[in-house]
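1. How does the following fold in three dimensions:
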Amino acid sequence: MRLTPQSLKDQNFKLLEKVDHDNFSLFIRQQRKKFSTINLVYWLFVICFLAMTGYYFFDSTTSIFFKLLFLGLGVIIAFVLTPLHEFIHFLAYKCFGAENVTIKSYNMLGYMLTNADQFVVSKREMKWIATAPFLIITTIGIILLYFLNDMIQISISSMILFHTTLCHADFLILNYFLDSESDIFMYDDIQDESTFIYCLEK
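-> Predicted coordinates:
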């Protein structure tokens, strides 16, 4: 039986965090201070994609101007894909049964958030919800590398690299869940514009 926000409050669950969506970036910055296996894996991905981008950049025989142009194009594509990134989060929530899912842009703060109102997410579900955009966009990008010429390969590898850096917050949220020995549960309150994180007290 799926937990509800009310059942978290009524049963033996402890409120760990209440994160205001306006201060979500502060919550993320606090997680960066923690060393963990998830963070290590994330930075290994970054290093691998940096090396991959460097390989395509230096392997191309075109002029340095066009190399830099297509490298920059990949960065632009990564930022343009931000709505798609959030839409994949949206679909992941829907796949687990969330009904009221919204995507909100915090333009002044420079980020977007996907929230599932009053939908309690478990540690197992968060593994997929948090990493779905990274897995899907990275996989599609790597497949495309084998079918495109060397100039576009620079852009695609650059896109993969910079999209991965944009996924850092997703990995930090996942790390928050996996770093705890207790069962962690989270739900969003869209009206209150907050996220509540609970753990099962032992």
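2. Now do the buried residues in the least confident helix or strand in the chain by mean pLDDT.
-> Least confident helix or strand of the chain, by mean pLDDT, DSSP states H and E, is helix 24-31 with a mean of 79. Residues 24, 27-28, 31 are the ones in helix 24-31 that count as buried (16 or more other Cβ atoms under 10 Å). Every C-beta, even on glycine, is put in place using the N, C-alpha and C of the backbone.
3. swap in stretch 73-83?
-> 73-75, 77-78, 81.
4. List the contacts of it.
-> 53, 103, 112, 137, 154-163, 166 (Cβ atoms under 8 Å, 6 or more residues apart in numbering).
5. After the one helix or strand T114 maps to, which helix or strand is next? Please name it.
-> Per DSSP states H and E: T114 is located in strand 111-116. Moving toward the C-terminus from strand 111-116, the next helix or strand (DSSP H and E) is helix 123-145.
6. In that following helix, which residues are buried?
-> Here helix 123-145 shows 123, 125-126, 129-134, 137-138, 141, 144 as buried, counting by 16+ other Cβ under 10 Å.
7. still on that earlier bit, kindly present the buried residues of helix 24-31 as TSV, with separate columns for distance to A98.
-> Below are these laid out as TSV (distance: Cβ to Cβ, whole Å):
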residue	distance to A98
F24	18
F27	21
I28	22
Q31	23
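8. Which pair of the residues you listed spans the longest distance?
-> Using Cβ to Cβ, the pair of the buried residues of helix 24-31 lying farthest apart is F24 and Q31, separated by 11.0 Å.
9. so when I look at S180, I'm seeing a strand, right?
-> No: assignment of S180 by DSSP: H, G, I helix; E, B strand; the rest coil gives coil, placing it outside any strand.
10. Quickly note the distance from it to L172.
-> Using Cβ to Cβ, to the nearest Å, we find S180 at a distance of 14 Å from L172.
11. before we move on, back to that, name the residues that touch the least confident helix or strand of the chain?
-> Against helix 24-31 from outside (Cβ under 8 Å, 6+ apart): 17, 19, 106, 109, 111, 113, 169, 172-173, 175-176, 195.
12. What ranges does this protein have for its strands?
-> 13-20, 101-106, 111-116, 184-189, 194-200 (DSSP state E).
13. coming back round to it: just the closest of the buried residues of stretch 73-83 to T37, please.
-> Among these, A78 lies closest to T37 (Cβ to Cβ), at 25.5 Å.
14. What distance do you get for the closest one to I156?
-> 10 Å.
15. and what of Y187?
-> Relative to I156, and taking Cβ to Cβ, Y187 is found at 37 Å.
16. now do Y111
-> Applying Cβ to Cβ to Y111 and I156 gives a distance of 24 Å.
17. Point out where this structure drops to low pLDDT.
-> Within the chain, the stretches with pLDDT under 70 are 33, 107-110, 202.
18. unless I'm mixing things up, T53 is touching I156, no?
-> No: using Cβ atoms under 8 Å, T53 is not in contact with I156; the gap is 9.3 Å.
19. who's in contact with the residue most central in space within the chain?
-> By Cα atoms, centre = their mean, the chain has its centre lying nearest to D170, at 3.0 Å. Applying Cβ under 8 Å, 6+ apart to D170 gives the contacts 130-131, 133-134.
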